[in-house]
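>>> just a sequence and a predicted model for now, questions to come.
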Amino acid sequence: MRMSLAQRVLLTWLFTLLFLIMLVLKLDEKAPWNWFLIFIPVWIFDTILLVMLIVKMAGRCKSGFDPRNGSQNIKKKAWYLIAMLLKLAFCLALCAKLQRFTTMKLAYVFIPLWALLIGGMVELGYNIFYARRD
């Protein structure tokens with residue numbers, strides 16, 4: 001299940017374009033769709049990424065795999081999994097707030113996004129300052 005760089009870029013552009021078209025139609029009030037329907041391209045794309053990530057992580061469970069070869073790699077993949085779940089939590093909370101399913105404050109809706117951004121800054125700082133340089 002390998003995708004070339006061109007296929008990944010094309011898939012990303014396609015889902016982003018679909019999402020933006022649906023978002024513009026909703027914001028212009030041309031389409032009276034539910035907010036959860038607007039985010040379907042985002043969730044399909046995230047599902048594809050999650051399945052690919054889980055398959056790669058499950059590949060470590062094969063017999064004959066030496067766990068000493070990729071200890072940093074599994075930490076990175078675990079961070080990617082956490083980041084995807086935080087993004088999913090943010091999207092679900094945002095849709096629930098926009099659809100008025102909940103009366104939670106907007107600050108609480110953004111907590112998963114803030115955690116994701118802080119985690120991303122920590123990961124970036126780690127890669128810049130503490131990564132082993134050859």
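Good, I have the coordinates. Residues are numbered from 1 along each chain as shown.
>>> please look at residue 89 and residue 112 and confirm they touch.
Yes: using CB atoms under 8 Å, residue 89 is in contact with residue 112, at 4.1 Å. (C-beta placed from N, C-alpha, C; glycine too.)
>>> pick out whichever of these two has more residues nearby.
Neighbour comparison, residue 89 and residue 112: the larger count goes to residue 112, with 19 against 16 (by other CB atoms under 10 Å).
>>> state the distance from that one to residue 43.
Noted for residue 112: a distance of 15 Å to residue 43, by CB to CB, to the nearest Å.
>>> which helix or strand contains the residue nearest in space to the middle of the chain?
Centroid check for the chain by CA atoms, centre = their mean gives residue 84 as the closest residue, at 3.4 Å. Element membership of residue 84, judged by DSSP states H and E, is helix 71-98.
>>> quick check: what element follows that helix along the chain?
Downstream of helix 71-98, the next assigned helix or strand under DSSP H and E is helix 106-109.
>>> what residues sit buried inside that following helix?
residue 109 (16 or more other CB atoms under 10 Å).
>>> do stretch 52-62 as well
Of the residues in stretch 52-62, residue 53 count as buried by neighbour count, 16+ other CB under 10 Å.
>>> quick check: mean pLDDT of it?
Stretch 52-62 comes out with an average pLDDT of 80.
>>> how far off centre is it?
Distance of stretch 52-62 from its chain centroid, counting by CA atoms, centre = their mean, to the nearest Å, is 17 Å.
>>> send me it as CSV with only the CA atoms.
The C-alpha coordinates for stretch 52-62 follow below in CSV (Å, rounded to 0.1, in the frame of the first residue of the first chain):
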residue,chain,number,x,y,z
MET,A,52,-2.0,3.9,6.4
LEU,A,53,-0.4,4.8,9.7
ILE,A,54,-2.0,1.9,11.6
VAL,A,55,-0.9,-0.6,8.9
LYS,A,56,2.7,0.8,9.1
MET,A,57,2.6,0.5,12.9
ALA,A,58,1.1,-3.0,12.8
GLY,A,59,4.0,-4.0,10.5
ARG,A,60,6.2,-3.8,13.5
CYS,A,61,4.4,-6.8,15.0
LYS,A,62,5.6,-9.2,12.2
